[in-house]
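J.: Give me coordinates for this.
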Amino acid sequence: MSIAAAEGTRTWQQSKYDELEKGTAHGVAINSDGSLSLAPSFSALHTSPSTYIWDLASDSAGNVYAAAGSPARVYKITADGKASIVFAPQELQVQTLAIDANGAIYAATSPDGKIYKIVHVAPASPKVQTAQPDSSEPGDKARPTVAADPAYSASVFFDPKTKYIWTLALDKQGRLYVGTGDRGEIFRVEANGTGAVFFKSDEAQIRALNFDQAGNLIAGTDGSGLIYRISPKGEGFVLYSAPKKEITAIAIDAQDNIYAAGAGEKRGAGAPSQPGAPSGVSPTVPVTILGTQSQAQAPGIATGITAIPFPNVMNLGGSEVYRIAPDGSPKTIWMSKDDLVYALAFDQAGSLLVGTGNKGKIYAIGDDDYADLSKASANQVTAFARAPKGGLYAATSNLGKVFLLGPDPVAEGSYESDVYDAKIFSQWGRAQVRGSGTFELFARTGNVDNPDRNWSPWKKVDLQKELPADAPPARFIQWKTVLHSGNPAPIVYSVMFNYLPKNVAPEVDEVTVLAGAHVPSSTHTSNATSEGGAYESPIPTVPDKHSIAIKWRAHDANDDQLLYSVYYRGDRESQWKLLREGIEDRYANFESDLFPDGGYIIRVLATDAPSHSASDALTGEKTSERFEVDNTPPHVEFTNARIEGNHLRLAFKAVDSFSPIGRAEYSIDADDWQTAEPLGQISDYKVESYDLTVPMPAPAAAAPKSASTDEHTIVVRVFDRFENVGVAKTVIKASPAGSSR
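T.: Residues are numbered from 1 along each chain as shown. Presented below is the predicted three-dimensional model:
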């Protein structure tokens, strides 16, 4: 967002991704360079009864199959959105799917699950699937029977006897590879259902599998975020140890570039994971089930608590996407502090698509750029699968839906900006838009921050005639653009509105006067303050008997440049006298001699003239509390000073022309200063009298024998309330007859 000022006119410009992503897009992609363009079509195909859809797989006929949980199901969804249940197992989740060349569906369940093979049959009569309890848990009761599509039959294909089954992949020979936890094993299962451990990792979880062009298995783990390349013989090599803890998805392009998504903090950088559980599934601690917090035990123990194949968003720190080139060199190509990557896929043009949560966004990522393509009406985009005519199916969780992402841009898309607050009532002028192709611009304004609360209606901005926006003067504004397909394709690079805030007088919030101090000359304060100026750092001062420091706080709602003038007025005076004008800083130092003894008040006047014409400039002012100046020291007069036997009698009077006497001290024969109390003990008048008798000082031990003890020098100093000091001296001697004089 750009805001500029020139003689009161300001501009609001949006041309950056971070600014635009705060708005709302419908069929419009927000590109990383800050531009807007038409996005691929994105529409809901089916909403399932299940809360989570973990995985998708599509067949050659364009049908898509969804692995779901809560309840556990495999749904078949046709290209026109018709859905049926083809599998309803006993387990809590259907976690992942794969479809072979013959159309057989492999469905893996978790936790403590198995791999089922689902095949298309032609039954003679309708069929009902009954979910039977696992034989290892004889106390469990069978779940209610579920009517399933009679054209499909399911049977156990392989049981790895592990806690979790996270991912499946089929090689060119039709063999099934199974990524599991919590022992970090990959099983290879032959077409007849016999299988064995193909690879054993020292990580707890194998989270993602895919094949490169040479037939090597690429595997991602949870724990240290490792990416393995495993040969057909089962020989593993770590291609990359990611900065993140968990590899959540892997995709490989036609050039054999490996793309992997990482999430979660590694051990030591965040909260430790429990051994044998994926991040977010640690027993007896709060876990986040795809964005919803719950107090859960280990999966499969508490009824209704589902296993989670995705990172615990409570301790993540965002996600990253890595590209590993065919030569093995890795590069981070995208990262986000807020979005968690759950799925990767390629569109028809070969662009990498990223499914994320917890805002349900789909991004397209290139080498040096990216685009926010679509936002689902669900929290997480969890899986992709091929759709007919070059499109992609996208699955979501919270809610469990399937969307269709088209290969071609929509014919029309719209984008609504975030609401902009001008802070004060403003007049809105011309809009300046940089773009190409066919698009329209609209604007509306209001005086509350919610556009639904009686704002003006959307009015089209005439960009051809360069007329001012047809929007009433108001504090808040919002713009909308509508993009229409055509040649060239529409694209909007930046939108800027000119506006003139109603000038508001500056305000001086506080004036402080410090007699006997000054502000160091190196101190600099801004002469352009916002409404938060009251919270600026305090202006320092240092003691200086001969100076008076005046400092103030001020702000201007228009954020105008300010200049200041300082005036003073003494007691019983009616006219203000100018001390200084055209001050840019928020302080001024003055010699105290400019102020004769007396009481004064200071007025500071602020003007916004530097930002406005003479006729439009406004002023604000504030006066200080009354303060006093006293530069004249008190006068000291001795009234009696003599020797009386072994004592000294000392009487004197202190007089000040303006302020009460503060204190008095005396010294005899250059000895230490001693406090003298006035008659009446309280020192609170401009004239104070003192009369005291003190013992005769003893001769110093080192004084010469010839030193006289019948002469003494007495020095008196008196301070007024402003620390002005008056000093007087007298010498007393003993008379020949024994009396003093």
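J.: who's Leu340 bridged to?
T.: Gly357 (DSSP bridges).
J.: Please apply the same query to His518.
T.: His518 has these beta-bridge partners by DSSP bridges: Val542.
J.: And for Lys577, nearest residue in space, chain neighbours not counted?
T.: Excluding its sequence neighbours, the residue lying closest to Lys577 (Cβ to Cβ, 6 or more residues apart in numbering) is Tyr568, at 5.7 Å. Where C-beta positions appear, they are placed from N, C-alpha and C, glycine not excepted.
J.: The one you found touches Tyr600, doesn't it?
T.: Yes. Using Cβ atoms under 8 Å, Tyr568 is in contact with Tyr600, at 5.4 Å.
J.: Please say which of these two ends up with more neighbours.
T.: Taking neighbours as other Cβ atoms under 10 Å, Tyr568 and Tyr600 compare with Tyr568 leading, 23 against 20.
J.: who are the neighbours in contact with the more buried one?
T.: Residues in contact with Tyr568 (Cβ atoms under 8 Å, 6 or more residues apart in numbering) are 576-577, 579, 595, 600-603.
J.: Redo those as JSON lines? Include distance to Asn210.
T.: What follows is these, written out as JSON lines (distance: Cβ to Cβ, whole Å):
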{"residue": "Trp576", "distance to Asn210": "82"}
{"residue": "Lys577", "distance to Asn210": "85"}
{"residue": "Leu579", "distance to Asn210": "79"}
{"residue": "Phe595", "distance to Asn210": "84"}
{"residue": "Tyr600", "distance to Asn210": "83"}
{"residue": "Ile601", "distance to Asn210": "80"}
{"residue": "Ile602", "distance to Asn210": "77"}
{"residue": "Arg603", "distance to Asn210": "77"}
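J.: where does the protein have low pLDDT?
T.: Scanning the chain for pLDDT under 70 picks out 1-7, 122-146, 267-316, 526-536, 699-709, 735-741.
J.: For the longest strand along it, buried residues please.
T.: Ranked by residue count and defined by DSSP state E, the top strand of the chain is strand 420-436. For strand 420-436, the neighbour count (16 or more other Cβ atoms under 10 Å) marks 420, 422, 426-431, 433, 435 as buried.
J.: in the one helix or strand Lys733 maps to, what's buried?
T.: Assignment of secondary structure by DSSP states H and E places Lys733 within strand 725-733. Buried residues in strand 725-733, counted by 16+ other Cβ under 10 Å: 726, 728, 730, 732.
J.: swap in stretch 459-466?
T.: Within stretch 459-466, the residues scored as buried using 16+ other Cβ under 10 Å are Val461.
J.: Distance from the chain centre to that stretch, please.
T.: Centroid separation between stretch 459-466 and its chain, computed with Cα atoms, centre = their mean, to the nearest Å, is 36 Å.
J.: Show me the contact partners of that stretch.
T.: For stretch 459-466, contacts defined as Cβ under 8 Å, 6+ apart pick out 430-431, 433, 440-444, 467, 469-471, 479.
J.: swap in stretch 55-64?
T.: 65-67, 76-79, 94-99, 103, 105, 382-388, 393-395, 402.
J.: thinking again about what came up before, what helix or strand is the residue nearest to Lys577 on?
T.: Using DSSP H and E, Tyr568 sits in strand 563-570.
J.: For that strand, output the C-alpha coordinates as CSV.
T.: The C-alpha trace of strand 563-570 is given here as CSV (Å, rounded to 0.1, in the frame of the first residue of the first chain):
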residue,chain,number,x,y,z
LEU,A,563,5.7,24.3,12.3
TYR,A,564,5.6,25.8,15.8
SER,A,565,5.7,29.2,17.4
VAL,A,566,6.3,29.9,21.1
TYR,A,567,4.8,32.9,23.1
TYR,A,568,5.0,34.0,26.7
ARG,A,569,3.0,36.1,29.0
GLY,A,570,3.9,37.3,32.5
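J.: tell me the secondary structure for Asp593?
T.: helix (DSSP: H, G, I helix; E, B strand; the rest coil).
J.: Check Ile165 too.
T.: Per three-state DSSP, Ile165 ends up strand.
J.: For Tyr116, see how far away it is.
T.: For Ile165, the distance to Tyr116 equals 11 Å [Cβ to Cβ, to the nearest Å].
J.: which neighbours do the two share?
T.: Residues touching both Ile165 and Tyr116 by Cβ under 8 Å, 6+ apart: 108-109.
J.: So for these two, which sits in the more crowded spot?
T.: Ile165 (31 against 20).
J.: tell me the contacts of the closest residue to Glu190 other than its chain neighbours?
T.: Spatial nearest neighbour of Glu190, chain neighbours left out: Arg175 (5.9 Å); criterion: Cβ to Cβ, 6+ apart. The neighbourhood of Arg175, defined by Cβ under 8 Å, 6+ apart, consists of 188-191.
J.: These in strands, which ones?
T.: Using DSSP E, the subset of the contacts of Arg175 located in strands is 188-189.
J.: Which among the contacts of Arg175 count as buried?
T.: By neighbour count, with 16+ other Cβ under 10 Å, the contacts of Arg175 hold 188-189 as buried.
J.: Pick the one among the contacts of Arg175 closest to Phe638.
T.: Proximity of these to Phe638 (Cβ to Cβ) peaks at Arg188, which lies at 115.3 Å.
J.: nearest residue to the closest one other than its sequence neighbours?
T.: The shortest distance from Arg188 to any non-neighbouring residue, by Cβ to Cβ, 6+ apart, is to Phe198 (3.8 Å).
J.: could you point out which element follows the one helix or strand Trp12 maps to?
T.: If you go by DSSP H and E, Trp12 is part of strand 9-14. As assigned by DSSP H and E, the chain's next helix or strand after strand 9-14 is helix 17-20.
J.: per-domain residue ranges of this structure.
T.: 2-11+422-501, 42-408, 507-629, 635-733 (automatic domain parsing).
J.: which one of the ones you listed is the most hemmed in?
T.: When the domains of the chain are scored by mean count of other Cβ atoms under 10 Å, the highest mean neighbour count falls to domain 42-408 (a mean of 19).
J.: so can I have CSV of the buried residues of strand 725-733 showing distance to Ile258?
T.: Listed next are the buried residues of strand 725-733 as CSV, based on distance: Cβ to Cβ, whole Å:
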residue, distance to Ile258
Gly726, 91
Ala728, 96
Thr730, 101
Ile732, 105
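J.: Using CSV, write out the CA atom coordinates for the strand holding Lys733.
T.: The C-alpha coordinates for strand 725-733 follow below in CSV (Å, rounded to 0.1, in the frame of the first residue of the first chain):
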residue,chain,number,x,y,z
VAL,A,725,22.8,32.0,46.3
GLY,A,726,23.9,35.1,48.2
VAL,A,727,27.1,35.2,50.3
ALA,A,728,28.3,37.5,53.0
LYS,A,729,31.4,37.6,55.3
THR,A,730,32.3,39.1,58.6
VAL,A,731,35.3,39.1,60.9
ILE,A,732,35.0,39.3,64.6
LYS,A,733,37.7,39.9,67.2
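J.: just to revisit the earlier point, just the contacts of stretch 459-466: which are in strands?
T.: 430-431, 433, 440-444, 479.
J.: between these, which is closest to Asp367?
T.: For the ones in strands among the contacts of stretch 459-466, the minimum distance to Asp367 (Cβ to Cβ) is 28.9 Å, reached by Val433.
J.: and Lys389, that one's in a strand?
T.: No. Counting by three-state DSSP, Lys389 is located in no strand; its state is helix.
J.: measure it to Leu404 for me?
T.: For Lys389, the distance to Leu404 (Cβ to Cβ) stands at 10 Å.
J.: Kindly report the same for Lys172.
T.: In terms of Cβ to Cβ, Lys172 sits 29 Å off from Leu404.
J.: circling back: could you take the contacts of Tyr568 and lay them out as TSV, with extra columns for secondary structure and distance to Phe158?
T.: Output for the contacts of Tyr568, formatted as TSV (DSSP: H, G, I helix; E, B strand; the rest coil; distance: Cβ to Cβ, whole Å):
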residue	secondary structure	distance to Phe158
Trp576	coil	96
Lys577	strand	98
Leu579	strand	93
Phe595	coil	98
Tyr600	strand	96
Ile601	strand	92
Ile602	strand	89
Arg603	strand	90
